[in-house]
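S.K.: Next comes the sequence, and after it the predicted model I'd like to discuss.
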Amino acid sequence: MIDISVKKVLSIDLEKQEADVKSFIDLNKYFGGTGLGLKFLEIYKDKNPLIFSVGPLNGFFPYTSKTSIVLEKDSAVEDIYIGGSLSTRIKFAGIDSVVLFGVSKEETILDIQNSVVNFKNKDTEPQSLGLPGKRSGIYFEGDKLLCDQYFTTPEYYLETILKEKNIKGITITGTEIFSPKNFDDYKKLYLEILDRKLDLRVDPADYPSCSGCPVGCGKSKVGEIGGNVLLNSLVACQFADKIYTDIGIVFSCLNTLGYEYTHEDIENLPGLIEETIRNISK
């Protein structure tokens with residue numbers, strides 16, 4: 001059962017090939033996504049971390065379909081976003097962030113099943129890993145990384161750092177369960193948001209869709225970079241900004257799931273992120 005009362009990070013030491021889950025009871029105010037990723041960048045800064053994070057709505061509401069990736073490259077903090085089903089699989093692995101640090105001694109594939117990490121030989125067949133229907137994979141195709149064999153990011157930051165860390169690919173399987181606090185309210189709100197396709201700044205098409213999105217637009221393939229602080233901490237699609245920058249809607253979504261955030265918590269998020277970035281830059 002997923003516990004939403006704490007933030008959990010799967011910490012992976014690539015050099016030692018060790019992993020553990022750490023719980024942080026004081027980081028809920030960062031929500032998730034970019035906010036949480038930047039905070040973990042501050043915490044793990046001396047280890048040159050690569051951080052994948054999801055937000056509180058990922059896996060539960062439509063159009064909250066991206067995964068936040070935070071890293072530091074050439075002394076600059078970068079935040080990029082990738083689509084596909086990765087965010088849902090991380091969420092249902094029962095974790096909020098995956099932090100990779102150190103360098104693997106050999107080319108390695110990470111097979112993450114909920115909070116358990118298996119370090120696999122570089123020649124391992126990706127399709128042999130994880131649980132079909134419950135997994136998402138990031139693997140190189142040439143010089144570019146593909147998530148779910150289609151989705152990617154707009155820059156080569158992720159490719160560069162994974163090569164530096166000797167990681168050839170990552171598979172994440174998530175099978176945990178979660179029951180919304182107010183299921184009837186949750187179902188009603190879910191359907192209301194799902195029905196707001198006309199509020200999206202993108203046209204429906206027949207391309208592969210991110211998880212929780214029926215639109216199949218042609219924009220999600222290349223991912224996103226930067227953007228609105230609240231949107232990126234929820235890790236909602238940038239084209240759903242009319243929905244997920246509305247504090248009232250965000251508060252309602254969080255409330256039906258059982259989170260105890262207030263309107264003030266949402267309004268205070270940009271200030272927390274600014275403070276975190278200043279601390280990282282010191």
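M.R.: Arrived safely.
S.K.: give me the element the residue lying closest to Asp148 once chain neighbours are set aside is part of.
M.R.: Spatially, and ignoring its direct neighbours in sequence, Asp148 is nearest to Gly84 (4.0 Å; C-beta to C-beta, 6 or more residues apart in numbering). In short, each C-beta sits where N, CA and C put it, glycine included. Gly84 is located outside every helix and strand, with elements delineated by DSSP states H and E.
S.K.: so what's Gly84 up against?
M.R.: Counting by C-beta atoms under 8 Å, 6 or more residues apart in numbering, Gly84 touches Thr67, Ser136, Cys147, Asp148, Tyr150, Phe151, Pro208, Cys210, Ser211.
S.K.: from those, which two are the most distant?
M.R.: Thr67 and Pro208 (15.3 Å; C-beta to C-beta).
S.K.: neighbour count winner among those two?
M.R.: Higher neighbour count among Thr67 and Pro208: Thr67, with 34 against 15, using other C-beta atoms under 10 Å.
S.K.: isn't that one right next to Val235, touching?
M.R.: Yes - between Thr67 and Val235 there is a contact at 6.4 Å, judged by C-beta atoms under 8 Å.
S.K.: Spit out the residues that contact the two alike.
M.R.: Ser53, Val54, Asn58, Tyr81, Ser87.
S.K.: Would you mind measuring from the residue nearest to Asp148 to Gly218?
M.R.: Gly84 is 15 Å from Gly218, where distance means C-beta to C-beta, to the nearest Å.
S.K.: cool, and Gln238?
M.R.: 14 Å.
S.K.: Those two - which one has more neighbours?
M.R.: More crowded of Gln238 and Gly218, by other C-beta under 10 Å: Gln238, with 21 against 13.
S.K.: Who are the contact partners of that one?
M.R.: Per C-beta under 8 Å, 6+ apart, neighbours of Gln238: Tyr81, Arg201, Glu224, Gly227, Asn228, Leu231.
S.K.: Surely Ile109 is in a helix?
M.R.: No - under DSSP: H, G, I helix; E, B strand; the rest coil, Ile109 falls outside any helix and is assigned strand.
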